[in-house]
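Q: here are the coordinates; sequence isn't available:
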């Protein structure tokens, strides 16, 4: 099959489009399967995917504003606010209002959150190791690089305006 024919089968506007040839189809399938597996593994230790995401982000960037957690988790702000409230009630995190901006709530892990972090890291490692059993570190680096470029290209796309024209939010 020629490069052009492959492109036509991957392009949704093409009459020859085939879902199984779409990179977005496979990204969605892989992401969904990964989250399903993580959900199963995390449930076994009394955790869930939203809490796992928050703990993993806080492990690298603490304290973090709820808005940052929302953005990095690809979760709506209102949803992230409820996740953080549940985590506060569970004793996994503590919140504080920013001293410089009263509209910003910062989130920190508690000792219980750090203990939970170790458990969720172990489950994440199990899924990672099983997914990439014979993969070289260089191959993982290439995949991460491709996904970052894809993210950047998608992030740079303009959003459709209410009137149907293309406009960038922000």
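A: Arrived safely, thanks for sending. Just so we're clear, the structure is a prediction, and the values are computed from it rather than from any experiment.
Q: Thought residue 29 was touching residue 19, still the case?
A: No: counting by CB atoms under 8 Å, residue 19 does not reach residue 29; the two are 10.1 Å apart. C-beta: built from backbone N, CA, C; applies to glycine.
Q: mind checking pLDDT for the residue nearest to the spatial centre of the chain?
A: The centroid of the chain falls nearest to residue 73 when counting by CA atoms, centre = their mean (4.6 Å). You'll see residue 73 listed with a pLDDT of 94.
Q: Distance check, the residue nearest to it when sequence neighbours are not counted against residue 81.
A: Distances taken as CB to CB, 6 or more residues apart in numbering put residue 53 closest to residue 73, at 4.5 Å, once the chain neighbours are dropped. Applying CB to CB, to the nearest Å, the value for residue 53 to residue 81 is 14 Å.
Q: before we move on, what about residue 118?
A: 26 Å.
Q: before we move on, what about residue 50?
A: Taken as CB to CB, the span from residue 50 to residue 81 is 12 Å.
Q: list the contacts for the residue nearest to the centre of the chain?
A: 50, 53, 54, 57, 80 (CB atoms under 8 Å, 6 or more residues apart in numbering).
Q: Okay, and the third one sits in which element?
A: Element membership of residue 54, judged by DSSP states H and E, is helix 49-60.
Q: for the last one, same thing?
A: Applying DSSP H and E as the criterion places residue 80 in helix 77-89.
Q: Name the surrounding residues that touch the helix or strand that that helix is followed by.
A: Note on helix 77-89: by DSSP H and E, the next helix or strand toward the C-terminus is strand 93-97. For strand 93-97, the surrounding residues in contact (CB under 8 Å, 6+ apart) are 54, 58, 63, 66, 84, 87-88, 104-110, 113.
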